[in-house]
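A.B. asks: I would like the atomic coordinates for the input below:
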Amino acid sequence: MATRSSQDSEGGNLHPSQPLHNVQNNRVSFLDASVQNEQEIVSTSASNTNSHNSWQMPSAIDLDSSGLRCSSRAEVLKRRDKVYSHTTQINQGSSLHSASKRCFKTALVLFSSICSVGYGLPSMAHSLQVEVPVTSPTSSSVFSKAVESYHRVNSLYDGTINCFSTLAQASVASNETFTYKQAMREKDYIEFVKAMVKEVDDHELRDHWTMILRRNMPVDAKTIIAIWSFKRKRFPDGTLNKHKARLCAHGGMQTWGNNYWETYAPVVNWASVRLILAIAKIHGLSSKSIDFVLAFPQADLEIPVYMELPIGFDAPDNADRKFYVLKLNKSLYGLKQAGYNWFAKLSNGLQDRGFVQSNIDPCIFFGHKCIVLTYVDDCILIGDTHARLDALVTSLHDGDENFKLQDEGSIDKYLGVEIAQVDGTSFQLTQPFLIERITQLLGIDQGRTNERLTPVGKPLLNRDLDGVPRKYEWEYRAAIGMLTYLTGSVRPDIAMAVHQCARFSTLPMRSHELAVMRIGHYLLSTRDKGMMYKPDSSKGLEVYVDADFAGGWDPGDPGNAENVYSRTGFVIRYASCPIFWQSKLQTEIALSTAEAEYIALSQALRETIPLANLMKEINVIFPLYLPQPKFVIKVREDNQSCIAMANNPKFSPRTKHIAIKYHHFRKHVITQSNPEGFISIDYCSTDDQIADIFTKPVRDDIFFRLRNLLLNW
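C.D. replies: Okay, here's the model as predicted:
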């Protein structure tokens with residue numbers, strides 16, 4: 001595709017030979033025009049308000065509160081709204097009429113929706129610093145609506161969040177990801193321009209599209225626009241790897257049933273990754289990491305899709321770009337079906353080479369003395385010899401599928417996690433760069449360290465509606481998003497602390513801010529720590545499970561049902577290595593300690609049973625330690641009443657109210673009447689209960705002892 005230096009309507013085309021100052025001047029003039037257009041839209045909306053006052057509809061009736069009796073609860077909600085408006089610094093301006101407020105808000109929402117394509121996703125509602133009236137803390141972007149929907153589904157009845165989406169950080173955290181206009185403002189934008197040229201050259205070299213005249217398109221065909229995405233890619237230690245430019249198609253303009261159908265593509269579970277790494281160390285297996293270059297476009301496109309020419313490049317021979325379109329031959333990034341098509345091609349290629357897909361985790365494939373674990377375009381290969389792995393890589397590269405891949409050698413990093421081999425029997429998983437980003441966001445990266453600090457203290461957090469507003473302006477959800485990812489990858493010791501802070505992401509107060517900063521200070525003093533794996537082949541699959549019954553109950557507010565949720569905490573270990581863990585509030589109010597422990601036991605086994613079935617599949621390839629004569633899951637529980645309930649198949653008057661969904665595992669428990677079961681539930685003293693660290697703030701000495709049992713440091 002040829003390039004030229006003349007400007008187009010979307011900011012000017014770039015050419016490597018164009019003088020840098022000219023490129024910069026073009027960029028600045030385009031940005032000034034964008035700001036001017038925004039001001040014109042806003043001013044037009046405000047100036048036309050008075051002419052429409054006579055046509056205004058009556059005020060909408062609030063169906064949630066209309067006709068209800070006033071109560072102290074309503075006063076609490078009013079105070080919360082006042083506090084929210086204060087913490088987000090939103091000034092409602094007493095001089096504006098109500099009608100002009102509504103028109104101004106409508107214009108702003110419409111404008112932000114239009115600009116979300118070019119400027120990227122706006123930040124969450126609580127970070128907005130605009131002087132406009134806001135009736136709810138939600139954002140108008142599609143991404144923000146999706147995140148809010150996820151949190152709404154996973155929220156408790158009191159409005160707090162019980163399961164936080166780590167994707168929430170993508171729209172607010174500084175992840176060095178840029179849109180076209182943002183990248184052109186950066187000091188190193190020339191490197192991004194070079195990356196753009198390389199990206200287009202790679203696509204054209206592989207015939208990923210064909211340039212055709214617009215008049216040759218089918219009559220009923222519609223085009224979609226091209227979008228640039230830029231990122232400074234870094235290694236896990238934070239050093240710069242390269243400047244990356246990714247050309248994507250605007251999949252949001254596609255129509256289901258017209259130019260796409262299936263879209264689902266699985267990604268591997270972190271528990272599977274950790275399990276495979278532990279097994280490789282126990283058996284002394286060879287390992288290798290491969291990366292597929294431009295993975296999605298390697299898959300064929302089953303139906304024609306037409307795309308406009310990307311910004312920065314023009315048609316050949318200086319022709320007018322509006323007369324040309326790109327007919328996509330491959331599944332370009334951004335298409336709805338791109339992930340599905342790529343995974344189908346990769347899985348078919350592996351199955352043609354004799355691999356069998358796992359029934360438990362579809363991203364794991366088993367071959368002869370070899371296991372392949374896939375995460376989009378990153379793959380981990382585990383085998384008995386290096387020669388077997390090299391033969392597989394050669395087969396993929398030279399096969400009929402024409403896979404383009406890069407052999408990255410032994411595994412020293414995966415999905416942002418550093419994998420450091422300590423010695424012949426142990427290795428460590430860490431994420432120092434992510435911890436550095438968290439402390440920088442909180443503004444404490446240069447602070448003092450305290451080796452004896454724990455990540456959480458007493459009392460437990462509550463919504464603190466009458467508390468002090470936040471002091472600092474760093475993005476609360478961005479911090480929670482990064483902390484949640486860190487917790488799920490290499491730092492289970494902060495799971496309980498992070499989860500209780502994540503609950504209040506909708507309306508954080510000063511108390512919640514201090515709790516997050518305490519976690520940050522704790523990470524600052526342990527930035528080089530992670531999970532130290534010292535696999536013990538004599539240990540099988542173990543589950544430590546615990547519950548904190550109504551841990552948030554407050555004697556000063558005994559009638560508040562929001563304070564009596566019990567917390568589930570558990571960790572699943574294989575060969576003494578943590579594989580999966582969770583700290584989460586239960587969704588029902590338990591009536592006793594035994595009931596809370598039983599619900600926690602059920603939730604833990606819901607994750608453990610599929611993992612046990614995966615281990616049985618792996619055992620066919622590489623023999624694992626399985627207690628003979630059959631595979632047994634050993635569950636450690638510190639409540640005798642809970643153990644009795646699990647071992648007794650009958651219901652008593654005090655247990656029959658427990659939901660049926662929590663009894664799913666009972667048919668697998670080993671009892672006198674069911675000797676063929678594979679779940680053994682044994683008593684564990686509170687002092688040895690590792691899961692205690694996931695349920696409540698424990699004493700400092702207990703925390704450090706349990707952390708050592710969990711992480712080996």
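A.B. asks: so where do the helices sit in the stretch 301-450 of the chain?
C.D. replies: Listed in chain order, the helices of the stretch 301-450 of the chain (DSSP state H, counting those that start in this stretch) span 338-352, 386-398, 432-442.
A.B. asks: any regions of this structure where pLDDT drops low?
C.D. replies: Within the chain, the set of residues satisfying pLDDT under 70 comprises 1-174, 556, 625-631, 649-654, 656.
A.B. asks: quick one on the thing from earlier: could you dump the helices of the stretch 301-450 of the chain to CSV with mean neighbour count and distance to residue 257?
C.D. replies: Glycine gets a C-beta too; all of them are placed from N, C-alpha and C. Listed next are these as CSV, based on neighbours: other C-beta atoms under 10 Å; distance: least, C-beta to C-beta, whole Å:
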stretch, mean neighbour count, distance to residue 257
helix 338-352, 19, 15
helix 386-398, 15, 34
helix 432-442, 20, 41
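A.B. asks: adding distance to residue 659, write the ones you listed out as CSV.
C.D. replies: Compiled in CSV, the helices of the stretch 301-450 of the chain are given as follows (distance: least, C-beta to C-beta, whole Å):
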stretch, distance to residue 659
helix 338-352, 35
helix 386-398, 47
helix 432-442, 38
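A.B. asks: pull the distance from whichever strand or helix holds residue 477 to the chain's centre.
C.D. replies: Here residue 477 sits within helix 476-489, counting by DSSP states H and E. The gap between where helix 476-489 is centred and where its chain is centred comes out at 9 Å by C-alpha atoms, centre = their mean, to the nearest Å.
A.B. asks: which strands and helices lie in contact with it?
C.D. replies: For helix 476-489, the elements it packs on are helix 432-442, helix 495-502, helix 510-525, judged by 3 or more C-beta pairs under 8 Å, 6 or more residues apart in numbering; DSSP states H and E.
A.B. asks: including distance to residue 393, could the ones you listed go into JSON lines?
C.D. replies: Converted to JSON lines, those look like this (distance: least, C-beta to C-beta, whole Å):
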{"stretch": "helix 432-442", "distance to residue 393": "28"}
{"stretch": "helix 495-502", "distance to residue 393": "37"}
{"stretch": "helix 510-525", "distance to residue 393": "37"}
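A.B. asks: wait, doesn't residue 263 sit right on residue 341?
C.D. replies: No. With the criterion set as C-beta atoms under 8 Å, residue 263 and residue 341 do not qualify as a contacting pair; they are 9.7 Å apart.
A.B. asks: for the stretch 151-300 of the chain, just list every one of the strands.
C.D. replies: Along the stretch 151-300 of the chain, the segments classed as strands by DSSP state E, counting those that start in this stretch run 177-178, 209-213, 223-224, 226-234, 240-249, 286-292, 300-307.
A.B. asks: what's the third one in contact with?
C.D. replies: Read that as strand 223-224. By C-beta atoms under 8 Å, 6 or more residues apart in numbering, the surrounding residues in contact with strand 223-224 are 217, 249-251, 253-254, 305-308, 325.
A.B. asks: what lines up beside that strand in the sheet?
C.D. replies: Here strand 223-224 has these sheet partners by DSSP bridges: strand 300-307 (parallel).
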